[in-house]
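With the input below, show me the fold.
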Amino acid sequence: MKLGKVRIKTMNKINYDTLYELYVIRGKPMWQVAKEMGVSVGSVYNYLNKYGIQTREPHKGFLGKTHSEKAKAIIGERHRGKIVSEETRIKMSNAKKEGGIGHKKKRSDGYVAIYFPDHPKSNKDGYIMEHDLVMECLIGRHLNDDEVVHHKNKKRDDNRKENLELMTFKGHARLHMKERWNDLSIR
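Just a heads-up that it's a prediction; the model follows:
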């Protein structure tokens, strides 16, 4: 029997009591149990099944389902600026569209966009602004090129019909210019 780096199969046999103690009673994850016992995670998993010990669900945060908004912001900040291959970029883009037509996403500038690739004013990714769609439904036609939708309460994601106002591009620019001027004169 050689005891160097080569392990002998009989030494890898995992004892039921030890496995139950570490995994069930102490609640350690499989990778920690494997590390303490000097075996692979796969061996721990196989022995759990062999002994009929119920395995726990994987951590939901790993699957992206339980991250808080703060955690999402931290993760996003860490990934910002990273160089991604074109293949990965396409995969990421397609993953965002999995909701199909009508899928909503909140953009980094605060506006809500809806996936609607057949709309004449959708962008190259197939999205159109939700406030534009709401206004088009209210007026019964597509917006003209010189028309914009104004958010009365200045909340970009509040797309209730009471909060939206149809304006010309010039009128909208004039309104915001007056607001900025008033803000400067107050100071």
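
so where's the longest helix in this structure?
If you go by DSSP state H, the chain has its longest helix at helix 169-186.

Now do it: which elements does it pack against?
For helix 169-186, the packing partners by 3 or more Cβ pairs under 8 Å, 6 or more residues apart in numbering; DSSP states H and E come out as strand 147-151. Just so you know, the C-beta spots here come from the backbone N, C-alpha and C atoms, and that holds for glycine as well.

Can you tell me what sits against the strand it packs on?
Contact partners of strand 147-151, identified using Cβ atoms under 8 Å, 6 or more residues apart in numbering, comprise 129, 131-132, 134-135, 143, 158-159, 163-169, 172, 175.

Beyond the lowest-mean-pLDDT helix or strand in the chain, next helix or strand please.
Lowest by mean pLDDT, DSSP states H and E among the helices and strands of the chain is helix 86-96, with a mean of 75. Downstream of helix 86-96, the first helix or strand assigned by DSSP states H and E is strand 104-106.

List the neighbouring strands of the very next helix or strand once past that next one plus their orientation.
Where DSSP H and E defines the elements, the next helix or strand beyond strand 104-106 is strand 112-115. As defined by DSSP bridges, the strand partners of strand 112-115 come to strand 104-106 (antiparallel), strand 127-129 (antiparallel).

ok so, going back, select only the buried ones of the contacts of strand 147-151 in ChimeraX?
To isolate the buried members of these in ChimeraX, using 16 or more other Cβ atoms under 10 Å:
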select :129,131,132,134,135,143,159,163,164,166,167,172
